[in-house]
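**Q** Sequence below, structure please.
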Amino acid sequence: MTMNSIPNILLVDDEERFVKSLHAILKHYDYECTEALSGTEAIRLLKEKNFDLALLDVDLPDMLGCDILDFIRTSRIKTTAIMLTGVSNVETAVEAMKQGAYDFLSKPLNHELLIKTVNKAFQYHQVSRELEASEKRFQVLAEASGEGIVIHENGKLIEANNQFFSMFGYSAKELTQGVFFEKILLPASLQIVRQNIEGSIFGKNKITGIRKDGTEFPLESNSRPINYFGKPARVCALRDLSDRVRAEEEKLDLQKKLAKANKLNALGMMAGAVAHDLNNILSGVVSYPELLLLQMNESDRFYTEITKIQEAGKRAAAVVADLVVLARGGLSSPTVENINDIILTHLESIEHNERLANYPNVVIQTNLQQNLHNICCSRLHIHKMLLNLIGNALEAVHGNGLIRITTQNCKFTHPLSLDCVSTYPEDYVLLTIADNGPGIPQKDIDHIFDPFYSTKKMGKSGTGLGLSIVLNTVQDHNGWLEVKDNYPGAIFEIYLPITNEEISSTKNIDINHTLRGNGEIVLIIDDQLEQIETMEKILTSLGYKTYSATSGEEGITLFQSQAVDLVLIDMIMGDGLNGRETYERILQVRPGQKAIIISGYSKHEEAQKAKALGISHFLEKPVTISKLSLAIKQALAGN
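**A** Sure, this is the predicted structure:
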């Protein structure tokens with residue numbers, strides 16, 4: 001007899017001599033036995049101990065052996081029963097086998113048959129327990145799996161794990177009442193599953209499931225044929241791909257954002273590369289016409305044509321300025337302002353009114369809150385933002401159009417404050433610009449802030465940079481922008497953080513008024529001879545005396561031998577010293593020397609360092625004579 005372990009057997013019979021004799025025989029073969037002389041005692045022992053086998057007399061004084069067998073079955077006791085019966089009770093023993101007994105032995109017992117039956121019963125018991133343990137392990141694995149596992153027969157679902165029920169929203173009871181693939185799969189997916197079954201095709205498939213509530217979700221299926229209680233069936237593993245699809249969508253969205261960021265970065269690099277040279281070229285286009293116009297009357301020949309040349313140069317310079325804003329970012333000269341004042345100044349500007357004249361039927365209404373909080377901003381950038389938003393609204397409305405501009409103090413939770421540890425203020429100024437035009441189509445609303453994206457006719461209006469400038473300006477001010485398609489019309493809401501600082505009482509000077517010099521000496525340092533020539537002519541016409549140098553090093557040498565009242569320095573100059581480095585060397589020679597930096601393009605960080613050294617003004621080419629003359633006067637006066 002080969003066994004993995006010695007079985008523990010319960011002997012149940014009311015004849016004590018028979019039980020003792022049976023015990024002695026089994027003990028001879030190294031079986032461990034426990035005796036019970038009644039059904040009641042047998043049930044008590046079954047409750048207290050674990051037995052592998054039980055030899056049960058079918059006819060006991062207090063109960064039948066089948067009653068003990070029924071107790072074993074209903075109590076889920078893991079004991080295999082062999083019935084002991086006399087010749088007259090064979091039918092009862094057979095009935096017991098129908099209830100789950102392994103076999104029966106007739107009295108008097110044949111020793112050889114007894115041992116043979118006990119051995120086979122124990123082997124059966126071991127196999128049954130191993131199979132049950134295997135099924136439990138499979139069940140645990142099936143339940144621990146993140147996949148829904150279902151067994152189906154010809155499309156009818158007959159068994160499933162908890163993940164399946166959780167995934168689709170059905171219960172185990174509903175499964176027994178009849179759930180078919182038609183209920184849980186879209187028709188196209190159902191066709192794929194059927195083709196796989198009919199063609200005995202294995203492998204993974206991407207399909208779409210339907211939950212009990214009707215919602216659809218992506219699935220990955222993988223099925224195999226199995227034998228299910230003697231019948232052919234298939235087991236199918238279903239994996240919910242919702243999280244994966246969502247992650248892939250988020251990854252794709254991040255890739256798009258990264259591509260957009262790379263596009264902006266490339267745009268910035270391009271702008272930085274060309275802005276300096278373009279602005280140097282445009283300086284002549286803007287400045288020479290201005291010099292000519294100062295010497296002419298409006299009635300003179302070519303006055304109108306020269307004015308148009310100058311205006312064309314200014315428009316080209318404005319496009320370059322937009323590129324520079326995208327490339328450089330940051331606030332050039334933030335000051336404390338009240339946005340109501342900026343709005344009113346903008347609405348009174350020549351630039352705005354010239355554009356408004358092209359839309360005589362459009363009305364602009366304002367509702368500006370009194371006692372509006374101040375903001376810390378770049379007045380130039382806010383003006384540019386208003387120019388773009390109001391300009392877009394003017395072009396959007398038709399016929400008797402209406403544009404509403406409103407401001408108000410408000411409490412606002414910045415969306416970025418929810419995702420980071422940085423602190424954001426709660427108090428904001430809300431600027432709203434709304435129009436009654438056709439609104440913004442959904443296909444465009446996600447792209448309107450992309451550089452060079454424009455819905456306008458090519459060559460008719462705009463460069464596609466306007467709203468990119470608006471978004472950059474809002475972000476540089478640590479604000480937030482929301483756009484809404486409010487058919488009819490569109491609404492732009494700009495939230496800008498407030499400041500408790502007061503507005504400076506510095507007196508404003510009309511920059512359009514040309515201020516002349518009184519023979520003061522100005523040193524011009526620029527690596528472009530054409531720029532030096534243009535600047536010398538402008539300054540000479542304004543009454544200043546000039547010296548010039550084509551590099552920082554040459555300028556320092558000249559400065560050491562010639563006292564000057566003011567230095568005009570280009571920021572980017574060939575391979576030598578740049579404007580900031582040149583000014584540092586000049587300060588070593590003469591601390592406190594007054595200077596202005598004027599450049600076609602420079603990095604924001606370099607400009608900030610130059611201002612920290614004492615540069616009073618930073619002018620960007622091309623600069624008008626009026627702005628230049630004002631900046632020189634202010635610098636000489638120490639303002």
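**Q** tell me which element F18 falls in.
**A** Of the helices and strands defined by DSSP states H and E, F18 is found in helix 16-28.
**Q** Could I get the full set of helices for the stretch 301-450 of the chain?
**A** Using DSSP state H, counting those that start in this stretch, the helices of the stretch 301-450 of the chain run over residues 303-328, 339-347, 350-356, 379-396, 442-445.
**Q** I'd like to know which of those helices is closest to Y583.
**A** Between Y583 and the helices of the stretch 301-450 of the chain, the shortest separation by CB to CB is 19.7 Å, and it involves helix 303-328. No exception for glycine: its C-beta is placed from N, CA and C like everyone else's.
**Q** mean confidence score for that closest one?
**A** pLDDT averaged over helix 303-328 equals 72, rounded to a whole number.
**Q** same question, stretch 440-456
**A** Regarding stretch 440-456, the rounded mean pLDDT is 69.
**Q** Quick one: distance of the longest helix along the chain to the chain centre.
**A** For the chain, the longest helix by residue count, based on DSSP state H, is helix 242-294. Shown here is helix 242-294, whose average C-alpha point lies 23 Å from the average C-alpha point of the whole chain (CA atoms, centre = their mean, to the nearest Å).
**Q** element containing L157, please.
**A** Under DSSP H and E, the secondary-structure element containing L157 is strand 156-160.
**Q** quick one: average confidence on that strand?
**A** 81.
**Q** Can you list the buried residues in that strand?
**A** Buried residues in strand 156-160, counting neighbours by 16 or more other CB atoms under 10 Å, are found at L157, I158, E159, A160.
**Q** ok, L542 - contacts?
**A** T514, L515, R516, G517, I625, S629, I632 (CB atoms under 8 Å, 6 or more residues apart in numbering).
**Q** Can you tell me which of these lies closest to P488?
**A** When the contacts of L542 are compared for distance to P488, the smallest value, 45.4 Å, is given by I625; criterion: CB to CB.
**Q** list the contacts for the closest residue to the closest one other than its chain neighbours?
**A** On the basis of CB to CB, 6 or more residues apart in numbering, the spatially nearest residue to I625 that is not a chain neighbour turns out to be E290, at 5.1 Å. When contacts are counted by CB under 8 Å, 6+ apart, E290 touches Q310, T624, I625.
**Q** Measure how buried the first one is and give me the count.
**A** Read that as Q310. Under the neighbour criterion other CB atoms under 10 Å, Q310 is assigned a count of 20.
**Q** The nearest residue to it once chain neighbours are set aside and P488: what is the separation?
**A** Take Q310 and drop its neighbours on the chain: the residue closest to it by CB to CB, 6+ apart is P289, 3.7 Å away. Plainly put, P289 is 43 Å away from P488 if you go by CB to CB, to the nearest Å.
**Q** Please say which of those two ends up with more neighbours.
**A** A direct count of neighbours by other CB under 10 Å for P289 and P488 places P289 higher, at 21 against 13.
**Q** ok, now how distant is the more buried one from I625?
**A** For P289, the distance to I625 equals 10 Å [CB to CB].
**Q** which residues are common contacts for these two?
**A** When contacts are counted by CB under 8 Å, 6+ apart, the set common to P289 and I625 is empty.
**Q** so S287 touches S626, yeah?
**A** No. Contact status for S287 versus S626: not in contact, 11.4 Å apart, counting by CB atoms under 8 Å.
**Q** Those two: which has the busier surroundings?
**A** S287 (23 against 15).
**Q** List the contacts of the more buried one.
**A** With contact set as CB under 8 Å, 6+ apart, S287 has these partners: T534, I538, P622, V623, T624, I625.
**Q** ok, the last one - how many residues close by?
**A** I625 is flanked by 19 other residues according to other CB under 10 Å.
**Q** State the phi and psi torsions of it.
**A** phi -60, psi -40 (degrees, to the nearest 10).
**Q** Let me see the contact set for it.
**A** Neighbouring residues of I625 by CB under 8 Å, 6+ apart: S287, E290, L291, L294, T514, I538, S541, L542.
**Q** do the first one as well
**A** Taking CB under 8 Å, 6+ apart as the criterion, T534 is in contact with S283, G284, S287, Y288.
**Q** same thing with the second one?
**A** Remark: with contacts taken as CB under 8 Å, 6+ apart, I538 is in contact with S287, L291, I625, L628.
**Q** how about 10 Å then?
**A** In this structure, I538 makes contact with 283, 287-288, 290-291, 294, 544, 546, 623-625, 628-629, judged by CB atoms under 10 Å, 6 or more residues apart in numbering.
**Q** What residues are bridge-paired with the closest residue to S166 other than its chain neighbours?
**A** Computed as CB to CB, 6+ apart, the closest residue to S166 that is not its neighbour in sequence is G148, at 7.8 Å. Partner residues in beta bridges with G148, using DSSP bridges, are L238.
**Q** tally of neighbours for G148?
**A** Residues lying near G148 (other CB under 10 Å) number 24.
**Q** ok, now the one 4 residues further on?
**A** Burial of H152 is recorded as 21 neighbouring residues (other CB under 10 Å).
**Q** How about I572?
**A** I572 is surrounded by 19 other residues when neighbours are defined as other CB under 10 Å.
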